[in-house]
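Asker: show me how the following folds:
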Amino acid sequence: MNFNNLYYFTVLASFQHYTKASESLCITQPSLSHAIASLEKEYGVKLFEKDGRNVKLSKYGELLNSYISKGFEEIEHGNRILKQFAYKDAGYVDLSFLFVLGYQYVPELIKIFNQNESYKNITINLKQCNSQDSIAGLKNGSIDISLCALVPNEPTVTFLPVLRQELICIVSDQHPLSGYDFVEMEQLIQFPLIRYTDTVGEIQDVIDRLFTDCSSYPQTHEYLNEEITIAGFISTGIDQCIAIVPNLEILDGFKIKKLNINHKDAHRNIYLAIANNRPMPNCVKLFYDFIKQNYIRTKQ
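Answerer: Below you'll find the predicted structure:
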C-alpha cells in the first residue's frame, strides 16, 4: 500500500478535477493519473468516473474515501499537535466553553488575548459544548483547555475555579413578584418554572437543589436551551412563569425584572479544566496561564 497514492486519492476526491488536484499537490497531472491507476489496479475497481470535464467518485471510491479521509484527518491533527511543541510562542489551542460564557466572558478573553503582540502567532479554536462533552474532549485530546462545570470523579482532569456566576430569578415586569428585589425560594414554588434541557449540563441540577428545603417544587412550564430564549418567554408574561438563570448583562434589554435570591447557594462556579496526563504544548500553557492571571473572577 502506497500512502502517497492514498493521499493523492483524497485530494482528487476533494477537487474532483485532475488539473486542480495536481496543482494543489505540486505534481504533474500524469503523475496523479498514474497514482490513481495504481490504486485502481491494486483494488481491482474503478475509483473515479468521468463527469464532463471533471471526475466524480464511483461507489467504490465513495466507500474508500469514507475511511481514508478520516484517517488523514487524524494524521493531520496529530501532526499539528506535535508541531506545537516545536515553537515557544506559536501554535493552535482548542478551547471549549459553556454556551453561557459566549455572551461576554469568552469574547472579552479572546479579544484581550489577541491584542497582545506576544501571542500574535497563537490561534484559538473555539467550540461551544456542555461540560460532559468538554471533559470527553480533554480526555481524548481533541480539546486542550475547557471552561466548564466541575465534573466529579475525573482524576485525569485538573479543575481550577475561575468564575462565580450569581443565580437570579427573572420574571416579567408585570409579574406579581416584580415589586420585589429579593425573594425566598418558597415564594417561587407557586409559579411555573422554565427549566434548562438536559443537554445544557449541570446548571439545572444546581437550580433544583435550591428548592430542596421548600414545601414543594414548581411545575415545569417549558424546557429551553439558553438564556436569551428563556428571557424572551419570560418577558411575555405567559402563564406568570419564572426562570432561574445566571445574572447576565445581556438580559437587561428585556422587559423583565431581576430578583435576587435569598439563598446561600444561589450561584454556580465555572472551572478552567485541563488534562493532567499528557504534556502541555507551550502555546497551550501560555493561554492557560493568561486565563489564570487575568480572568479569575470567583469573589462574591
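Asker: tell me the SS of V45?
Answerer: Under DSSP: H, G, I helix; E, B strand; the rest coil, V45 falls in the coil class.
Asker: grab the nearest non-local neighbour of it.
Answerer: Excluding the flanking residues, the one nearest V45 by C-beta to C-beta, 6 or more residues apart in numbering is Y60, at 4.2 Å. Placement of C-beta: from N, CA and C, glycine included.
Asker: helices and strands around the strand or helix carrying S22, which ones?
Answerer: Using DSSP states H and E, S22 sits in helix 18-25. Contacting helix 18-25 under the criterion 3 or more C-beta pairs under 8 Å, 6 or more residues apart in numbering; DSSP states H and E are the following elements: helix 3-15, helix 29-43.
Asker: give me the nearest residue to R268, chain neighbours excluded.
Answerer: V206 (4.8 Å).
Asker: how about the helices in the stretch 101-250 of the chain?
Answerer: Ranges of helices in the stretch 101-250 of the chain, per DSSP state H, counting those that start in this stretch, are 105-115, 131-140, 185-188, 203-210, 227-235.
Asker: dump the ones you listed to TSV, plus mean neighbour count and distance to F15.
Answerer: Converted to TSV, those look like this (neighbours: other C-beta atoms under 10 Å; distance: least, C-beta to C-beta, whole Å):
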stretch	mean neighbour count	distance to F15
helix 105-115	15	33
helix 131-140	19	31
helix 185-188	18	59
helix 203-210	16	45
helix 227-235	19	41
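Asker: would you mind giving those as CSV with mean pLDDT and distance to E40 added?
Answerer: Below are those laid out as CSV (pLDDT from 0 to 100; distance: least, C-beta to C-beta, whole Å):
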stretch, mean pLDDT, distance to E40
helix 105-115, 95, 47
helix 131-140, 93, 35
helix 185-188, 96, 69
helix 203-210, 94, 54
helix 227-235, 96, 52
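Asker: distance to F97 added to the ones you listed, as TSV?
Answerer: Shown next, in TSV, are those (distance: least, C-beta to C-beta, whole Å):
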stretch	distance to F97
helix 105-115	5
helix 131-140	8
helix 185-188	29
helix 203-210	14
helix 227-235	15
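Asker: out of the ones you listed, flag the one nearest R195.
Answerer: Minimum separation from R195 across the helices of the stretch 101-250 of the chain (C-beta to C-beta) falls at helix 203-210, 5.7 Å.
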